[in-house]
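Enquirer: A structural model of the following input is requested.
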Amino acid sequence: MRLMLLADSLGNGGAERQLALLAAGLPAAWQRRVCALGGGPFESHLRAKGVPVEVLARRSRLDPALAAGLWRTLAASPPDVVHSWGWMSTALAGPLCRLMGLPLIDGTIRAGAVRRMRLGAVRPDHPRLGRIGMACATSIVANSRAGLEAWGIGSKKGVVVHNGFDWSRLRSQPIAAETGGRRRVESEDGFTVVMTARMTRDKDYSTVIDAARLLRQAGRTWRFILVGDGEERSRLIREAADLVHEGAVEFPEPSLEVLGYVRGADVGVLMTNVALHQEGCSNTIMEYMACGLPVVCSEGGGNREVVVDGTTGLVIPPSDARELAASLVFLHDNASERRAMGEAGRRRIEESFSVERMVAGFVRVYENALSASRRD
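Expert: As a prediction, the model looks like this:
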């Protein structure tokens, strides 16, 4: 099997991490290569794993010359299957793959809803451009059932392959120094809440900050570690300035790896701005559970496909700071239940969200697509 994995970029994101895990985990006999419309931290990571990477030069976000560059790449060494991971790469590859008779796997559905457009902005999963790629695709793979349902993709063309967690990350990541270097789960002052996500409008850090403020006013001297990068980071730091000054909220410098902060926390939180976004199969939630943390997350999208409410965490209404604060108080005050949720979450990731299971799912998709193209 000759496989091309085609990405919009190789930046620091959940889709890019899953692409890298897949590329490294495919059968050894397969020829795999990555072609990207932009570079990023995962470019060197893939090369270190022995995966060939080509980054197409581009002069602007929507450079029309990219189509010609992709055409040359495909024509020079045609793969058996192309798997695209972003709306831009899918829109470019769709017509080319159809013209060349190449099976195309559309992997653009990474969220649990079709995103709403902001005036004057091109969203990562632009609905109209997304439909172009879907029309050309042999199969459409989403990382959640919620994603397929949101786009109205039926079982004939749509397939769910949940994300996988790479356990080797835990072996290589000590607890971050900023969290005190150990799990501090019993003392009031040591109780730590973490949220790791891109600091964009899609992620609702503001509700977490509001909950931290409510708890501070109630005399709870807990630490909130908010980890991420993005256009909202400076605004969020200003919004939480009083809590930062008091030591209740911290904003560590973002990096490619966040597990050091997660391992040093007691609860993992992921709140989402559901007016703009719904989670698919959240890498953030999987990381919390793999580290043995109970999860508090907002209702919507594919969150319930990962979190079993009341067993591995708590699913609460979105944008509700008081409910978030109450959930955190419950988990703090019920240490045995908190630990049981964390242990159940870890087992769930081991059993249902392994890299091996993810890779096997994609292998079936590729083999089915190739068989179908040969019959045609």
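Enquirer: Residue 277 - nearest residue in space that isn't next to it in sequence?
Expert: Once its chain neighbours are removed from consideration, residue 277 has its nearest residue in residue 202; the separation is 3.7 Å (Cβ to Cβ, 6 or more residues apart in numbering). Every residue, glycine included, has its C-beta placed from N, CA and C.
Enquirer: mind checking how far the one you found is from residue 331?
Expert: Taking Cβ to Cβ, to the nearest Å as the measure, residue 202 falls 25 Å from residue 331.
Enquirer: of those two, who's got more company?
Expert: Looking at residue 202 and residue 331 with other Cβ atoms under 10 Å, you find the greater number of neighbours at residue 331, namely 24 against 21.
Enquirer: how distant is the strand or helix carrying that one from the center of its chain?
Expert: Per DSSP states H and E, residue 331 falls inside helix 321-333. For helix 321-333, the distance from its own C-alpha centre to the chain's C-alpha centre is 25 Å (Cα atoms, centre = their mean, to the nearest Å).
Enquirer: So what touches that helix?
Expert: For helix 321-333, contacts defined as Cβ atoms under 8 Å, 6 or more residues apart in numbering pick out 188, 191, 193, 207-208, 210-211, 214-215, 218, 220, 222, 266-267, 269, 271, 294, 296, 314, 316-317, 337-338, 341.
Enquirer: Recalculate using a threshold of 7 Å.
Expert: Contacts with helix 321-333, where a contact means Cβ atoms under 7 Å, 6 or more residues apart in numbering, come from 191, 193, 207-208, 210-211, 214-215, 267, 271, 294, 296, 314, 316-317, 338.
Enquirer: Which ones among these map onto helices?
Expert: The helices, defined by DSSP state H, take in 207-208, 210-211, 214-215, 338 from the contacts of helix 321-333.
Enquirer: Could you report the neighbour count for residue 63?
Expert: The local packing of residue 63 (other Cβ under 10 Å) involves 15 other residues.
Enquirer: So it: helix, strand or coil?
Expert: The local conformation at residue 63, judged by DSSP: H, G, I helix; E, B strand; the rest coil, is coil.
Enquirer: Okay, it and residue 90: tell me how far apart.
Expert: Going from residue 63 to residue 90 by Cβ to Cβ gives 16 Å.
Enquirer: And residue 313, by the same measure?
Expert: When Cβ to Cβ is applied, the distance between residue 313 and residue 90 equals 33 Å.
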